[in-house]
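Trainee: Using only what follows, build the 3D model:
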Amino acid sequence: MGVEPSAFGSLLWQHQTGLTYLSPHSDLDVLWPIPPDFDVFSLVFSIAEIQRGASLRIDGEVVFPDGSAVNWRELWNALVTTDLAMVLAKTMEGVRLLDIASLPSVGRHA
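Mentor: Numbering: from 1, shown residues only. Okay, the predicted model is just below:
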């Protein structure tokens, strides 16, 4: 999709140190930095599709060009639930609510 994810958490620490950090209960922690005008909806729906067949839980955040980050699963839930229009975005300054209608997209998915 043109996005190069990066790992963090247990997978990163195990790779960096050679020590055992992963367990059968570990999540796969990933950051997906996206460029401007990127179809973030297609990305989170693709992650959800991969999650359905994955043997471990995929956790992580979509990082927008302004540096704000939103949990991919929260964003996906907001997109498939017509009642949810806002998600929690983390920034270096704190947290804020992000209106998903302001995100680049090809339209809402159901």
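
Trainee: all contacts plus neighbour counts: C-alpha atoms, from now on.
Mentor: Will do.

Trainee: how about the strands in the chain?
Mentor: 6-8, 28-33, 58-63, 69-71, 86-90, 95-99 (DSSP state E).

Trainee: Now the fourth one: buried residues?
Mentor: Right, the one you point to is strand 69-71. Residues of strand 69-71 classed as buried by neighbour count (16 or more other C-alpha atoms under 10 Å): 69, 70, 71.

Trainee: and which of those is nearest to residue 100?
Mentor: The shortest approach to residue 100 among these belongs to residue 70, at 10.6 Å (C-alpha to C-alpha).

Trainee: can you map out the helices along the protein?
Mentor: With helices called from DSSP state H, the chain shows them at 10-17, 40-53, 72-80.

Trainee: Next, the angle strand 58-63 makes with the last one.
Mentor: Counting by axes from the mean of the first three to the mean of the last three C-alpha atoms, to 10 degrees, helix 72-80 points 70 degrees away from the direction of strand 58-63.

Trainee: Low-confidence stretches in the chain?
Mentor: 82, 84, 104-110 (pLDDT under 70).

Trainee: Please repeat the previous calculation with a cut-off of 50.
Mentor: Counting by pLDDT under 50, the chain contains low-confidence residues at 105-110.

Trainee: still on that earlier bit, of all the helices of the chain, which one comes closest to residue 31?
Mentor: For the helices of the chain, the distance to residue 31 is smallest for helix 72-80, at 9.2 Å, taking C-alpha to C-alpha.
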